[in-house]
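1. Give me a model of this one.
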Amino acid sequence: MSLQAPLRPGTTATGSIRSVDADRNAGGRAAGRRGGRSNWPVTILLVVCTLSVLVPLYVTVAMAFKTTGQAVDGNAFSLPAPFSVDGFVQAWELTDFPRAFGVSVLVAAITVAGTILLASFTAYAIARNWDRRLFRWSFFYLLAAMFLPFPVLALSQVKLTGLAGLDNPFGVAILHVMFQLSFSVLLFTAFLRSIPAELEESARIDGASTGQVFWRLVFPLLAPMSATVGIFAFLASWNDFVMPSLITSDPALQTLPVLQQMFQTQFSNNYNVSFASYLMAMAPAIIVYLVTQRWVMAGVTQGAIK
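-> The predicted model follows:
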């Protein structure tokens, strides 16, 4: 018994198949047109947001490569003609850029390493002991700490670091780690819940201790989220102005953002020098983000989906 539908008069089997394929293709094109409609309000909003970032960045780059005469002609959007690096040379010498750059790199490196290690330790303990009340409440306590920004606690932190002898870049790095810990633990905890506990149980059966399980099994699996946490910690540390300005007592040990503010009065008429200094300060953060942005999106998306 055949279940094949009868052909219409005057058609063949091949013609019927082609007709069905044509109908399917037409439906697919119609669905594609419906699904491909542009959302103009959202598109315009994204374009405006993009221009709000790109236009100041263009002005900064253009002004940095101008001469002093070109920088004060009142046309910030004009291209430098000719290109000049005198602003970079003066900013390098005026702000003692190598020393300030080294201090910023030291603070950022300690912040990144400390945040990744402490946050991964804490998140591992919380994720694997979630059924215990102490660990659950510790997690909620860390989440509540996210709502306490540094300016609210500035006075107490300044007094404590001064009494402990940490009114220097090392004290700034320690505070950066502490204030990055809550958000980083949240990311690590969400990611750790996606790692099957059976992997750790099999390692323990083979005689591995808790430390060996973490360092040899769990921590390598945290690489995507470690990259994400490290990037967020680097950007927050590198761009911070308030904390170093309040904590560090020696002006010679200030980071780049604070040092630029200290020399702001000397940049009052030398716009090319000031913009060159700003560009040198933010260039490392821009480069790091452009190189590692795929890890940021991959780590956050992977942890969120799992």
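2. secondary structure class for G165?
-> coil (DSSP: H, G, I helix; E, B strand; the rest coil).
3. where does L79 land in three-state SS?
-> From three-state DSSP, the assignment for L79 is coil.
4. That one against V61, yeah?
-> No - using Cβ atoms under 8 Å, L79 makes no contact with V61, being 9.9 Å away. Heads up, the C-betas are built off the backbone N, CA and C, glycines and all.
5. Model confidence at S84, what's the number?
-> S84 is assigned 85 on the pLDDT scale.
6. any idea how far L153 is from it?
-> To L153, S84 is 45 Å away according to Cβ to Cβ, to the nearest Å.
7. These two: who's more crowded?
-> Set S84 next to L153 and count neighbours by other Cβ atoms under 10 Å: S84 wins out with 19 against 13.
8. tell me the phi and psi of that one?
-> Per-residue torsions, S84: phi -140, psi 140 (degrees, to the nearest 10).
9. What sits closest to it if chain neighbours are left out?
-> Leaving out its chain neighbours, the residue that sits closest to S84 by Cβ to Cβ, 6 or more residues apart in numbering is T67, at 4.6 Å.
10. all strands of the stretch 201-306 of the chain, in order?
-> Under the criterion DSSP state E, counting those that start in this stretch, the stretch 201-306 of the chain contains no strands.
11. Okay, now the unreliable bits of the chain?
-> 1-37, 264-269, 295-306 (pLDDT under 70).
12. Go ahead and flag the most central residue of it.
-> F232 (3.8 Å; Cα atoms, centre = their mean).
13. from memory it sits against L186, does it?
-> No - F232 sits out of contact with L186 when judged by Cβ under 8 Å, with a separation of 11.2 Å.
14. Now do the shared contacts for the two.
-> When Cβ atoms under 8 Å, 6 or more residues apart in numbering defines a contact, no residue borders F232 and L186 alike.
15. show me what contacts the residue nearest to S84?
-> 80, 84, 86, 272.
16. so what's A100 up against?
-> A100 touches 254-256, 259, counting by Cβ under 8 Å, 6+ apart.
17. again with M282
-> Residues near M282 by Cβ under 8 Å, 6+ apart: N239.
18. isn't N239 right next to V288, touching?
-> No - N239 lies out of contact with V288 (Cβ under 8 Å); the separation is 11.3 Å.
19. can you tell me the helix or strand for the residue nearest to Y278 when sequence neighbours are not counted?
-> In space, and not counting its chain neighbours, Y278 is closest to T60: 6.0 Å by Cβ to Cβ, 6+ apart. Secondary structure assignment for T60, by DSSP states H and E: helix 40-64.
20. do L142 as well
-> helix 133-145.
21. In terms of secondary structure, what does that helix contact?
-> Counting contacts by 3 or more Cβ pairs under 8 Å, 6 or more residues apart in numbering; DSSP states H and E, helix 133-145 packs against helix 97-128, helix 169-192.
22. now it and helix 169-192, what's the angle there?
-> 120 degrees (axes from the mean of the first three to the mean of the last three Cα atoms, to 10 degrees).
23. Mind exporting the C-alpha coordinates of helix 133-145 to CSV?
-> What follows is helix 133-145, C-alpha atoms only, in CSV (Å, rounded to 0.1, in the frame of the first residue of the first chain):
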residue,chain,number,x,y,z
ARG,A,133,25.4,27.9,56.1
LEU,A,134,28.7,29.6,56.9
PHE,A,135,29.8,29.5,53.2
ARG,A,136,26.4,30.6,51.9
TRP,A,137,26.4,33.6,54.2
SER,A,138,30.0,34.4,53.3
PHE,A,139,28.9,34.6,49.7
PHE,A,140,26.0,36.9,50.5
TYR,A,141,28.3,39.0,52.6
LEU,A,142,30.7,39.5,49.7
LEU,A,143,27.8,40.4,47.4
ALA,A,144,26.7,43.0,49.9
ALA,A,145,30.2,44.5,49.8
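24. hang on, the earlier thing: who are the contact partners of the residue nearest to Y278?
-> 275, 278-279.
25. and if we set it to 10 Å?
-> 76, 274-276, 278-279, 282 (Cβ atoms under 10 Å, 6 or more residues apart in numbering).
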